[in-house]
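Participant: following is a predicted model, sequence given first.
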Amino acid sequence: VQLQASGGGLVQPGGSLRLSCVGSGFTMDPYSIGWFRQAPGKEREGVSCISSRNIITEFTDSVKGRFTISRENAKNTVYLQMNSLKPEDTAVYYCKSIVPGTPYDYWGQGTLVTVSS
């Protein structure tokens, strides 16, 4: 079982990125998957999660209206579309199942997003 986050990079303020979280070895369909982030010198925080029924929960007020989580079960993938990026969005972004004990309930390597001019 492997969970791979990708799509990060360097982007200017106001730009966009789409992160992908791809699962392999086990279907993600039954599980709620969340995106989390950890900025330099700060604690990890939840960004958003999406349930198996596409119910979305946003954990961070600062991204509301700018970030959108979605899933494509046929590709075993969860996305995070990030628009109107700000320097304070700079962080390593991680994805994982939010249900303890499920196959994707572990922290992978994450993907680094840097917002800077």
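Facilitator: Structure's in. What do you need? Numbers count the residues shown, from 1 in each chain.

Participant: now do the nearest residue to C21 once chain neighbours are set aside against G34, distance only.
Facilitator: Spatially, and ignoring its direct neighbours in sequence, C21 is nearest to C95 (3.4 Å; Cβ to Cβ, 6 or more residues apart in numbering). From N, CA and C alone the C-beta is placed, and that goes for glycine too. According to Cβ to Cβ, to the nearest Å, C95 and G34 sit 7 Å apart.

Participant: list the contacts for the residue nearest to the spatial centre of the chain?
Facilitator: Central residue of the chain (Cα atoms, centre = their mean): W35, 3.0 Å from the mean position. Contacts for W35 (Cβ atoms under 8 Å, 6 or more residues apart in numbering) come out as L19, C21, G46, V47, S48, C49, I69, V78, L80, Y93, Y94, C95.

Participant: tell me how far it lies from S97.
Facilitator: Distance from W35 to S97, by Cβ to Cβ: 12 Å.

Participant: check A39 too.
Facilitator: 22 Å.

Participant: more neighbours: which of the two?
Facilitator: S97 (22 against 14; other Cβ atoms under 10 Å).

Participant: pretty sure that one contacts I33?
Facilitator: Yes: with contact defined as Cβ atoms under 8 Å, S97 and I33 form a contacting pair (5.8 Å).

Participant: mutual contacts of these two, please.
Facilitator: If you check S97 and I33 against Cβ under 8 Å, 6+ apart, the residues they both contact are Y104.

Participant: which parts of this protein are strands?
Facilitator: For the chain, strands defined by DSSP state E occupy the ranges 2-6, 9-11, 17-24, 33-38, 45-50, 56-58, 67-72, 77-82, 91-97, 111-115.

Participant: reformat those as a markdown table; add distance to D105 and mean pLDDT.
Facilitator: Shown next, in a markdown table, are the strands of the chain (distance: least, Cβ to Cβ, whole Å; pLDDT from 0 to 100):
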| stretch | distance to D105 | mean pLDDT |
| --- | --- | --- |
| strand 2-6 | 9 | 92 |
| strand 9-11 | 27 | 98 |
| strand 17-24 | 12 | 96 |
| strand 33-38 | 10 | 97 |
| strand 45-50 | 13 | 96 |
| strand 56-58 | 17 | 92 |
| strand 67-72 | 17 | 96 |
| strand 77-82 | 14 | 97 |
| strand 91-97 | 5 | 96 |
| strand 111-115 | 19 | 98 |
